[in-house]
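Enquirer: What follows is a protein structure lacking sequence information:
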Ligand SMILES: [Zn+2]
């Protein structure tokens, strides 16, 4: 026994109970009361604290080329920041290049991630090109390499059309993979952009208007229909609108394996942020929506129709956000020249746990959304996502009494601002263990670059809305 965490209240998705938890060789080796340390065992007193499984952030964009630049956090800073917010596994997106086989895309990105990652990581592959049989078939090679999760974009120039989306869904059903989708109606979005710009409507509010509730909701409906037609499961990433939430609920009530992810930014902010002075800092896609959507998402969480919470972490500097005023090339900017994305990787678990601490949801629910369900959905529940003997010792010690105000200063990434500045949290993680190694303690990162490893996931077969 290397480590013994004593006397805490263990919280999993299913239960909360007082117990000691022992770690040997990076894995949870025993859970029980009055466990006895061996001579060399490090003993940690967790009395009065919660002991939780580390979070799994299913949606990040580290070192992501976008909008004429690259997102600010690389694999080191992103995973370091994750560790300091109690997240011990990060799923990053690989964007397949045109003509690139899926296994080559994994190789290309993993060569960037492996030397840098401070906590464990895995990938989803953003599919951009299945124009040949060879490219489509290479999805199976990715599944065999432990990357059974794909994503399609219904927006952006690198996104797919409905035909390619449908082919990816069909293929996934055959090979045991899950398809995630960024659902927004590209054509309507483009029409609205042109109209607004012609009318001189250039500020960040019009980013929201061009990707409003209907623009997202229509694509959610269509994506769900395509999955039904292909007879397979679907994972809608960063769901942010009420219509889409209703479509997900309806499909699930009918028994379809449709799953939704939302993000803390949609649970905390509304479209009102696009009226702020630095509204451009909040530009992300999908944008934050109205109050009705926010309420629908919280209700979806309580009903069990939101499966996961993830961050969509994709930070840019304020200088880059200012390209919405004057572009990189010195031309007048508008809402289309702002790089899309915000920082959030360090805030997800603390925010959701704080909402639990304030009584909005249970702590078990926060763990389910941030750890247990992502593990089940993405095929790593035999390794992570709970506190069980045999699983990786990814453990967070949480102090319910600690007051924390989010400031960029206190964050551990490379960004120069945060949309979460000044938000007050009730409770905060005080320690994070990654496979039994302490990587964060009392506000300080004490892990190492390159300590994280690539997690290989099982093939994914989801035939009912239950996980
Ligand atoms: Zn994203």
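Expert: Sure thing, it's come through. Nothing here was measured: the structure is a model prediction, and the numbers come from that model.
Enquirer: And residue 177, how far from residue 222?
Expert: Separation of residue 177 from residue 222 (CB to CB, to the nearest Å) stands at 20 Å. C-beta here means a position set from N, CA and C on the backbone, and glycine is covered the same way.
Enquirer: what about the helices in the stretch 251-400 of the chain?
Expert: For the stretch 251-400 of the chain, applying DSSP state H, counting those that start in this stretch gives helices covering 264-268, 291-303, 318-321, 348-357, 363-367, 373-377.
Enquirer: Now distance to residue 227 too, for these, in CSV please.
Expert: Below are the helices of the stretch 251-400 of the chain laid out as CSV (distance: least, CB to CB, whole Å):
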stretch, distance to residue 227
helix 264-268, 22
helix 291-303, 18
helix 318-321, 35
helix 348-357, 26
helix 363-367, 26
helix 373-377, 14
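Enquirer: I'd like to know which of those helices is closest to residue 254.
Expert: Closest approach to residue 254 among the helices of the stretch 251-400 of the chain is made by helix 291-303 (14.9 Å; CB to CB).
Enquirer: returning to that earlier point: of residue 177 and residue 222, who's got more company?
Expert: Between residue 177 and residue 222, counted using other CB atoms under 10 Å, the more crowded position is residue 177 (27 against 17).
Enquirer: and the nearest residue to that one once chain neighbours are set aside, what does it touch?
Expert: Leaving out its chain neighbours, the residue that sits closest to residue 177 by CB to CB, 6 or more residues apart in numbering is residue 148, at 4.6 Å. Contacts for residue 148 were tallied using CB atoms under 8 Å, 6 or more residues apart in numbering; they are 142, 175, 176, 177, 178, 378, 379, 457, 458, 459, 460.
Enquirer: Please pick the buried ones from these.
Expert: Among the contacts of residue 148, those buried by neighbour count (16 or more other CB atoms under 10 Å) are 142, 175, 176, 177, 178, 378, 379, 457, 460.
Enquirer: Show me the beta-bridge partners of residue 92.
Expert: Bridge pairing for residue 92 (DSSP bridges) gives the partners residue 60, residue 123.
Enquirer: oh sorry, the question was meant for residue 179
Expert: Under the criterion used (DSSP bridges), residue 179 bridges to residue 150.
Enquirer: List the buried residues of stretch 424-432.
Expert: Using 16+ other CB under 10 Å as the test for burial, stretch 424-432 gives 425, 426, 427, 428, 429, 430, 431, 432.
Enquirer: In contact with the first one, which residues?
Expert: Looking back up the chat, that one is residue 425. Shown in contact with residue 425 (CB under 8 Å, 6+ apart): 350, 351, 354, 403, 404, 405, 406.
Enquirer: In JSON lines: those, plus pLDDT.
Expert: Formatted as JSON lines, the contacts of residue 425 follow (pLDDT from 0 to 100):
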{"residue": "350", "pLDDT": "98"}
{"residue": "351", "pLDDT": "98"}
{"residue": "354", "pLDDT": "98"}
{"residue": "403", "pLDDT": "97"}
{"residue": "404", "pLDDT": "98"}
{"residue": "405", "pLDDT": "98"}
{"residue": "406", "pLDDT": "98"}
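Enquirer: average model confidence for the particular helix or strand that has residue 107 in it?
Expert: Using DSSP states H and E, residue 107 maps to helix 102-113. The average pLDDT within helix 102-113 is 98.
Enquirer: same for it, what does it pack against?
Expert: Using 3 or more CB pairs under 8 Å, 6 or more residues apart in numbering; DSSP states H and E, the elements in contact with helix 102-113 are strand 87-95, strand 120-126, helix 133-144.
Enquirer: Compute the inter-axis angle for the longest one and helix 102-113.
Expert: Counting by axes from the mean of the first three to the mean of the last three CA atoms, to 10 degrees, helix 133-144 points 50 degrees away from the direction of helix 102-113.
Enquirer: didn't residue 126 look like it was pressed against residue 149?
Expert: No - using CB atoms under 8 Å, residue 126 is not in contact with residue 149, being 10.4 Å away.
Enquirer: any shared contact partners between the two?
Expert: Between them, residue 126 and residue 149 share no contacting residue under CB under 8 Å, 6+ apart.
Enquirer: sorry, back to before: out of the buried residues of stretch 424-432, which are inside strands?
Expert: Using DSSP state E, 425, 426, 427, 428, 429, 430, 431, 432 are the members of the buried residues of stretch 424-432 that sit in strands.
Enquirer: May I have the beta-bridge partners of the fourth one?
Expert: So that's residue 428. Applying DSSP bridges, one finds that residue 428 bridges with residue 399.
Enquirer: Equivalent analysis for the one 4 residues further on, please.
Expert: Beta-bridge pairing for residue 432 (DSSP bridges): residue 396, residue 440.
Enquirer: circling back: the helix holding residue 107: how far from the chain's middle?
Expert: 20 Å (CA atoms, centre = their mean, to the nearest Å).
Enquirer: Return the helix or strand in the chain with minimum mean pLDDT.
Expert: Lowest mean confidence among the helices and strands of the chain (mean pLDDT, DSSP states H and E): strand 65-66, at a mean of 88.
Enquirer: can you give me the helices for the stretch 101-250 of the chain?
Expert: Under the criterion DSSP H, counting those that start in this stretch, the stretch 101-250 of the chain contains helices at 102-113, 133-144, 162-175, 186-198, 205-210, 213-230, 242-253.
Enquirer: Any figure for the gap between the residue nearest to residue 177 and residue 8?
Expert: Distance from residue 148 to residue 8, by CB to CB: 34 Å.
Enquirer: Surely residue 32 touches residue 17?
Expert: No - contact between residue 32 and residue 17 fails when scored by CB under 8 Å: they sit 10.6 Å apart.
Enquirer: Skipping adjacent residues, who's closest to residue 274 in space?
Expert: residue 205 (4.4 Å).
Enquirer: Do I have it right that residue 45 meets residue 6?
Expert: Yes - contact criterion CB under 8 Å: residue 45 and residue 6 qualify, at 5.7 Å.
Enquirer: could I get the helices of the stretch 101-250 of the chain as TSV with distance to residue 298?
Expert: Listed next are these as TSV, based on distance: least, CB to CB, whole Å:
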stretch	distance to residue 298
helix 102-113	33
helix 133-144	35
helix 162-175	29
helix 186-198	26
helix 205-210	20
helix 213-230	16
helix 242-253	10
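Enquirer: quick one: residue 63 and residue 312, what's the gap?
Expert: 15 Å.
Enquirer: and if you look at residue 207?
Expert: Taking CB to CB, one finds residue 207 at 15 Å from residue 312.
Enquirer: Kindly report the same for residue 236.
Expert: Per CB to CB, residue 236 is found 13 Å from residue 312.
Enquirer: and what of residue 398?
Expert: 23 Å.
Enquirer: ditto for residue 12
Expert: Distance, residue 12 to residue 312, using CB to CB: 25 Å.
Enquirer: Please say which of those two ends up with more neighbours.
Expert: residue 312 (29 against 20).
Enquirer: Quick check: the more buried one touching residue 60?
Expert: Yes - with contact defined as CB under 8 Å, residue 312 reaches residue 60; the gap is 7.4 Å.
Enquirer: Does residue 456 lie in a helix or a strand, and which?
Expert: Applying DSSP H and E as the criterion places residue 456 outside every helix and strand.
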